[in-house]
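**Q** return a 3D structure for these sequence lines:
(2 chains, ligands or ions: 2)
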Amino acid sequence: MVTAADLNEATHTNQWCPGCGDFGILLAIKNAIVTLGYNPKDVVVASGIGCSGKLPHYIKTYGFEGLHGRALPAASGIKLANNDLHVIAVGGDGDGYGIGMGHFVHSLRRNIDMTYLVHNNQVYGLTTGQTSPTSVKGYSSKSTPHGVIEEPINPIALAMNAGGTFVARSFSGDLKHLTEMLVQADKHRGFAFIDCLQPCITFNKINTYQYFQKRCYKLGEDYDPTNFNSAMEKAWEWERTGDKIPIGVIYKKEHSTYEDELPSLKEKPLVKHDISNVNIDSIIKEYL
Amino acid sequence: MEQIVNSLRIKFSGSAGTGVAVLGSSFAKCLQRHGLKVYSTNDYPSLIKGGHNTVFLRAEATDFFSHYDYNEIDVLITLNKEGALFHEKELTPGGAIVYDGDKIKFNEGELTRKDIKLVSVPLSAIATKNGGIIMLNTVALGAGMGLLGMDLDPLYKIIDHVFSKKGDAVIAQNKTCAKEGYDAVASFGDFKVKIQAIPVEERMLINGNDGACVGAIRSGVKLIAEYPMSPSSSILHFMAAHEREYKLVVKHTEDEIAAMNFIVGAGATGVRALTATSGGGFSLMVEALGLAGISETPCVVINAQRCGPSTGLPTYTEQADLRFALHASQGEFPRIVLAPGDLNDCFEVMGKAFNFAERVQTPCVVLIDKFLAETAYTIKPFDQKKIIVNRGKFYSDEDMAGRTDYKRHEFTEDGVSPRAIYGQPNGLHVASSYEHDETGWTSEDAEMRIKQIEKRANKMKNISEEELAPQVYGNENPDVTIVCWGSTKLIAREALFHLQEKGLKVKIINYWAFSPFPVETTKKLLSGKEPKIIFEGNSEGQLRYYIREKTGLLIENAYLRFDGRPFTVPEIVSETMKVVKK
Ligand SMILES: Cc1ncc(C[n+]2csc(CCOP(=O)(O)OP(=O)(O)O)c2C)c(N)n1
Ligand code: SF4
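**A** Ligands and ions are numbered 1, 2, ... in the order given. Purely as a prediction, here's the structure:
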């Protein structure tokens, strides 16, 4: 059995600021893998670029640290190439909701069976704290010294509207909850999206641990995540109330996965197909 | 009048959306079924309906290379008046225009040629009478075949096949249309060209894009991710049509950035992956091209070149992305750059592209040009043995058993680090876009940086000079040497015969591999004292100066064409003659 210790990358030092919310996310991912009982060799953590993007280096599974905003298409290529793998894509809010927004929307409706966790710290961490697509209106940073003019994105509502089949929110400060969300996300057949509230202690002085601890509450047993309309209410609760942030699975539905509808994957993953001597006689006949 | 047997150039024209392309390809099939060798190329603006489309066909009894001159035709079958006015000048003496005289009326003086035949056929009346205007093209096919004295049987077979799902009534109607069109031209008497059936030899009628697809499938491509863009879209269509039979995964992605990142992800997972695009899409892919470079991930990108910059001339040909392919993406990393010149090359170069990419663990860009992508001609069936899959260095599960020291980017003699892929035991690593050490861990150490750059560059030496040698045709001690690349090869090879007929000894050097570049071979090939001329479809002489950069040798003459149209044989002949006379 794999233990969390087996997943520790012990030979290198972690570069995150001490106290960063990313540590909680890293630990939760390790715990989830342990809970799920996966062999690390069967897990690929794929990321974009940002503080969040460094995560694959800090966990002893396979990893892919791609380009800023492009975690999802690379992770999708990995999953389609070998659908026996457990693929977890991670990235920042700039990464996923800014530069990579197109991929986010299409991945939701595509429903490839993988998990996507966004480290939503409402700033651009790695590039020293500029405003991100989820920064609150008026947020002041080096790129918006007079306060950002736009309204922030609501990732939960957006994901639901884009056809997301598993839409959850969690908080990096609640290890147990986040682990549970990751386990459920993995078990969900299809694209499971988690918007994870993650304090950036260095640059974001508004959305701090205390900020979230005060506002986050867990959706109870009585909450029905399969009702789209009430889920949409929940999706807007934070914006509406300003001080109530529901965490948990906000919406989910059953839907065939992208892979389900690919006959080429029925027998075995693409990577296991024998390509040493593909016979093309039948195509040649088409042209005679 | 002496009749020419089995040598024909014919053009079909009409406004876009009227089925000119299908007319042309059906006629080509009929010629092929008569045992002729066929060559077909099209010219169309990037409109779906409205603009002027043409298909040019050439047919001969024996194999040949090119159109010769797509502005010289024996027959024009036109569905609109503009076609007649525009192409009249291209007709050879005694040539014919087939058109619908009920619909197209020429005013006094609009047509100027007295030495051509006007063959008016009531195309629409025949079609309407037999079931509907939709069958007009079948009437036109029949009429063209009648003019050339062809046998209608092959057309009947095509009708049987194409309309098999529509039922017997539709088939019968179409056959009647063909027959009545055929009979309608009888009253115009003998025409100067006659097509007579000869024994049919086994040939494929295929275009460059399809040829490249067949090569990719033979090479074991498994994942294709693409976003449509002319003239590469037919690659996506071909792959999608063959997805189930060949157990592929074909993904029309949200954009080219996604397509490229898909294939890098798939490549890192150990699957042969391909994307295809044109210049605009390739522009969007270049960041991920570098990702493949630094993470040592094999993958193949086809860039079907059209006229740039920007949207440019979307449906016209150019060879102006060579420099772009050689330098695309920031920083320095090894990349393979290849360009097929004819249909066999399209097939075989894809085999090399995948093998080189995996042997060197780096991305490969294949440059096709629009002209080659969409030109079809008859060739002997592809020889499967020309593509033998070589996947480069992988560790098997047995190799990996019990290992604790695996390094994805291990320094080795030849720079290539054997691959362990996702899912394999004991091979854990991160494929990274950051500079890294041997394990894949991010490293900004100065010494490590130098070593990694050198390691990656060093990998290219695994492809030998012999494997990259340009193709050489013609005479040993020539009076003149022609250098070319891409589809210009087809036209140059035909020009060779015409130049030799004039008593010249001519050598053609066709380049298909640009990176790595066969430097020593090039120095040898260009060492002769004879005049040399390079033909390129761009305005800057991109290969000309690349050769100079790599070898110090300047090919002293260049003839460049950048109007979006391919070269013609007479043009290559006369430009070559000029440099010999100098
Ligand atoms: C194409 C491209 N543009 C810009 C950058 C610079 N860049 C790196 S990370 C980043 C933003 C990071 O913010 P976020 O995605 O929210 O991740 P975080 O660092 O907060 O985890 C930017 C703009 C880049 N690497 N690539
Ligand atoms: S800058 Fe912010 S997000 Fe990045 S490591 Fe530091 S605290 Fe975490």
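**Q** longest helix of chain A?
**A** As assigned by DSSP state H, the longest helix anywhere in chain A is helix A:22-36.
**Q** can you tell if that one touches ligand 2?
**A** Yes: judged by CB under 6 Å from any ligand atom, helix A:22-36 and ligand 2 are in contact via A:Asp22. Glycine gets a C-beta too; all of them are placed from N, C-alpha and C.
**Q** dump that helix to CSV, keeping only the CA atoms.
**A** Listed next in CSV are the C-alpha coordinates belonging to helix A:22-36 (Å, rounded to 0.1, in the frame of the first residue of the first chain):
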residue,chain,number,x,y,z
ASP,A,22,-0.5,25.5,-2.1
PHE,A,23,0.9,23.3,0.6
GLY,A,24,-2.5,22.3,1.7
ILE,A,25,-3.4,21.4,-1.9
LEU,A,26,-0.3,19.3,-2.3
LEU,A,27,-1.0,17.4,0.9
ALA,A,28,-4.6,16.8,0.0
ILE,A,29,-3.6,15.4,-3.4
LYS,A,30,-1.2,13.0,-1.7
ASN,A,31,-3.9,12.0,0.8
ALA,A,32,-6.4,11.4,-2.0
ILE,A,33,-4.0,9.2,-3.9
VAL,A,34,-3.4,7.2,-0.7
THR,A,35,-7.1,7.0,0.0
LEU,A,36,-7.8,5.8,-3.5
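**Q** residue contacts, the closest residue to ligand 2 within chain B?
**A** Closest contact between chain B and ligand 2, by CB to the nearest ligand atom, is at B:Thr442 (14.3 Å). B:Thr442 is in contact with A:54, A:57, B:432, B:434-436, counting by CB atoms under 8 Å, 6 or more residues apart in numbering or on different chains.
**Q** what about 6 Å?
**A** B:434, B:436 (CB atoms under 6 Å, 6 or more residues apart in numbering or on different chains).
**Q** contact partners of the longest helix of chain A?
**A** Around helix A:22-36, the neighbours that count as contacts under CB under 6 Å, 6+ apart are A:2, A:4, A:7, A:16, A:43, A:55, A:58, A:172, A:175, A:178-179, A:182-183, A:186, A:196.
**Q** please report how far B:Ile257 lies from A:Asp6.
**A** Plainly put, B:Ile257 is 35 Å away from A:Asp6 if you go by CB to CB, to the nearest Å.
**Q** between the two, tell me which one has more neighbours.
**A** Taking other CB atoms under 10 Å in any protein chain shown, B:Ile257 and A:Asp6 do not tie; B:Ile257 has more neighbours (24 against 14).
**Q** next structured bit after the host helix or strand of that one?
**A** Per DSSP states H and E, B:Ile257 falls inside helix B:256-268. Going down the chain from helix B:256-268, the next helix or strand is strand B:273-277, by DSSP H and E.
**Q** that following strand - what's its average pLDDT?
**A** Averaged over strand B:273-277, pLDDT sits at 98.
**Q** run the angle between that strand and helix B:256-268 for me.
**A** 160 degrees (axes from the mean of the first three to the mean of the last three CA atoms, to 10 degrees).
**Q** what does strand B:273-277 rub up against?
**A** Here strand B:273-277 has contacts from B:216, B:221, B:223-226, B:229, B:232, B:235, B:256, B:259-260, B:263, B:266-267, B:299-302, using CB under 6 Å, 6+ apart.
**Q** export that strand to PDB, keeping only CA atoms.
**A** Taking Å, rounded to 0.1, in the frame of the first residue of the first chain, the C-alpha atoms of strand B:273-277 are listed here in PDB:
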ATOM      1  CA  ALA B 273       0.800  11.900 -32.400                       C
ATOM      2  CA  LEU B 274       0.200  14.400 -35.200                       C
ATOM      3  CA  THR B 275      -1.300  17.800 -35.900                       C
ATOM      4  CA  ALA B 276      -1.700  19.600 -39.200                       C
ATOM      5  CA  THR B 277      -2.300  23.200 -39.900                       C
END
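**Q** angle of the next helix-or-strand element following it against strand B:273-277?
**A** Counting by DSSP H and E, the element after strand B:273-277 in chain order, helix or strand, is helix B:279-294. If you take the same axes, to 10 degrees, helix B:279-294 sits at 150 degrees to strand B:273-277.
**Q** helix or strand next in line after helix B:279-294, which one?
**A** According to DSSP H and E, the helix or strand after helix B:279-294 is strand B:299-307.
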